[in-house]
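Novice: Predicted coordinates and the sequence they were generated for:
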2 protein chains.
Amino acid sequence: MNERQIQQVRRFNRIVTQHVGALEESYLQRGRPLGQARLLHEFGPDGVEVRALRERLKLDSGYVSRLLRSLQAQGLVTTLSRTGDGRVRHVVLTAKGRAERETYDALSDELAASFLVPLEPAQRERLVNAMAEVERLLRAGGVELRLERPDSAAARACLNQYFQELAERFESGFNPARSNPAGDEDMTPPAGFFIVAWLDGQPVGCGALKRGDGATGEIKRMWTSPTARGLGIARKVLRALEEKARESGLARLRLETNRSLTEAQALYRQEGYREVAPFNREPYAHHWFEKQL
Amino acid sequence: MNERQIQQVRRFNRIVTQHVGALEESYLQRGRPLGQARLLHEFGPDGVEVRALRERLKLDSGYVSRLLRSLQAQGLVTTLSRTGDGRVRHVVLTAKGRAERETYDALSDELAASFLVPLEPAQRERLVNAMAEVERLLRAGGVELRLERPDSAAARACLNQYFQELAERFESGFNPARSNPAGDEDMTPPAGFFIVAWLDGQPVGCGALKRGDGATGEIKRMWTSPTARGLGIARKVLRALEEKARESGLARLRLETNRSLTEAQALYRQEGYREVAPFNREPYAHHWFEKQL
DNA sequence: TTCATTCTCTGACTTTAGTCAGAGAACGGG
DNA sequence: CCCGTTCTCTGACTAAAGTCAGAGAATGAA
């Protein structure tokens, strides 16, 4: 990281806030304070619980209550106690509220369009691509790896999605019972490790290392959530697992993969894994890889 | 412009405001309201006039006055009437004020660094490049072309910088008196046109069309400020001049250029100009171009 | 010299966006 | 059924960020 990079980031921050700041003005044009307007965006199709609102926006409970009452007075929301719990209030948008939110949405669209309109088609495409890249890399910066127990809620969530994705992508479907097992105990220290990647408080990827009994470890359960692909998460997880392997004194890592998982194969090759002859009878595998640490 | 692009821009806006919004928090840590903190960034080495402050930040005069008095009470600025005009007040930073501004600057640096730190070197470079691209294209969107009289202040400013740049870049220097003339009258409607490109209220580029007496017009005075290069300004100006030429019933455009102006030559070729034999005795020219409209 | 204008400042006021303390209803484990 | 906890709401308060009207000094064109 150098001075040039820092200065570029600062220039970027300056110009982008100038541009994006216009959104607040345009929201205010609707004659409603920003606090209220922001609230409208938090409603799902089934509404929200007040406590969820409070937590998501990190606002004082009294403040939220007051904001909701203003919205209610304007006929934009109605409050009801839907859940079994009589303490929590459920708030839903009325038809008028939904219309109002649409309007704010249209204002956001307008602002976005105003960035694109003055440009020529080729420039527009360049802008959008550059924005996607910035978005990706800013998000990537928020990724955090944590060692978790394989039976933790986060790990379970990842594994379920992983298995489901395998079932969809493998030509033959996927049945965990037919595959070589990697039990929880194999992925729990010191026998192995299970790493979960977190983004915005959500688990978005995982990977496991099974140490085995010799100098060769196995990489298992490498997965990244579709919502977080392109952020380099799998690579980060893989490198962290390799680090763990080195710490554990392993000399070599192995893994096998299915031919339909092409991104994974590309990653392994980039990271220095060489394809080798099959070293096990995993029925779902088509490629076997190995790397000397 | 399509839905996909709009949605990408909106996603970008959302994530960037989240990230950049952290700057306000970090500024507030200094225990001073944002309004005051923002003011500190507006002081040049010679200070500012209060009225300039008011205009630049578009704030109420009473409000600015009050903000300045708070800063003064904190010993960060001093007020004096430096100009001949006894009504306008001149405000300068004290040593303490300069130190304070440095501190805010460091906070901005820190925020910028926090974007880069979690990334790997290659990703950092990608982020910085993408940010530069976004910055460039957002700025490009703010460019506006206006027809100006060649003797207007804006046109004069452009031409002076243009001549100065030629003097620096031509191996032989540049003396307008030795060059083929293009007088103000040749660039004033209906004999010709002078276009100035504006960005953020500053003239940042120009170009002229001299209609001549036949069906052939001449492009002259194509220039872009070094502060605004890479935004496609010259191309925009050139196309606007061609449009004017078509409206005027011209069938052909000509121009000549010096061999040291390589970007200009590249532009002309891209825009469909063909190099032709010299059609005049301009002493500073090495290349002559022509385009059928 | 006069008079409209410009520039800065002061006082009075408003809205927004919170914070804090506590009340009262509902819940849930023992 | 009791009691501590959770959830929402109300009242009272504050700071920030402005807005508005007008006063007073300085300026400059007629």
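Specialist: Yep, that arrived.

Novice: what does the stretch 51-200 of chain A put close to DNA strand D?
Specialist: Applying Cβ under 7 Å from any atom of the strand, one finds that the stretch 51-200 of chain A approaches DNA strand D through A:51, A:54, A:61-62, A:64-66, A:68-69, A:79, A:85, A:87-89. (C-beta placed from N, C-alpha, C; glycine too.)

Novice: Can you flag which of those belong to strands?
Specialist: A:T79 (DSSP state E).

Novice: Just the closest of the residues of the stretch 51-200 of chain A next to DNA strand D to DNA strand C, please.
Specialist: Sorting these by distance to DNA strand C puts A:G62 at the head of the list, at 3.0 Å, by Cβ to the nearest atom of the strand.

Novice: do you know how far the closest one is from A:T188?
Specialist: 45 Å (Cβ to Cβ, to the nearest Å).

Novice: how big is the angle separating the longest helix along chain A from helix B:3-28?
Specialist: In terms of residue count, the longest helix belonging to chain A (DSSP state H) is helix A:3-28. Angle of helix A:3-28 versus helix B:3-28, following axes from the mean of the first three to the mean of the last three Cα atoms, to 10 degrees, is 110 degrees.

Novice: picking up where we left off before, which one of A:G62 and A:T188 is surrounded by more residues?
Specialist: The residue with more neighbours, out of A:G62 and A:T188, is A:T188; 16 against 9, by other Cβ atoms under 10 Å in any protein chain shown.

Novice: Hmm, A:P150 and that one touching each other?
Specialist: Yes - in terms of Cβ atoms under 8 Å, A:T188 counts as a neighbour of A:P150; the distance is 6.1 Å.

Novice: Next, show the common contact partners of the two.
Specialist: A:F194 (Cβ atoms under 8 Å, 6 or more residues apart in numbering or on different chains).

Novice: And the pLDDT at the residue of the stretch 101-250 of chain A at minimum distance from DNA strand D?
Specialist: The nearest approach of the stretch 101-250 of chain A to DNA strand D comes at A:G201, 17.4 Å away (Cβ to the nearest atom of the strand). Looking at A:G201, its pLDDT stands at 80.

Novice: Could you list every helix and strand that the worst-scoring helix or strand of chain A on mean pLDDT packs against?
Specialist: Lowest mean confidence among the helices and strands of chain A (mean pLDDT, DSSP states H and E): helix A:153-169, at a mean of 88. Secondary-structure packing of helix A:153-169 (3 or more Cβ pairs under 8 Å, 6 or more residues apart in numbering or on different chains; DSSP states H and E): strand A:192-199, strand A:202-210, strand A:216-224.

Novice: can you do 6 Å?
Specialist: In terms of contacts (3 or more Cβ pairs under 6 Å, 6 or more residues apart in numbering or on different chains; DSSP states H and E), helix A:153-169 is packed against strand A:192-199, strand A:202-210.

Novice: Dump the C-alpha coordinates for the first one into PDB.
Specialist: Which is strand A:192-199. The C-alpha trace of strand A:192-199 is given here as PDB (Å, rounded to 0.1, in the frame of the first residue of the first chain):
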ATOM      1  CA  GLY A 192      -8.700 -31.400  11.500                       C
ATOM      2  CA  PHE A 193     -10.100 -27.900  11.100                       C
ATOM      3  CA  PHE A 194     -13.200 -26.400   9.700                       C
ATOM      4  CA  ILE A 195     -13.000 -22.800   8.600                       C
ATOM      5  CA  VAL A 196     -16.000 -20.600   7.900                       C
ATOM      6  CA  ALA A 197     -15.800 -17.300   5.900                       C
ATOM      7  CA  TRP A 198     -18.100 -14.500   7.200                       C
ATOM      8  CA  LEU A 199     -19.400 -11.500   5.400                       C
END
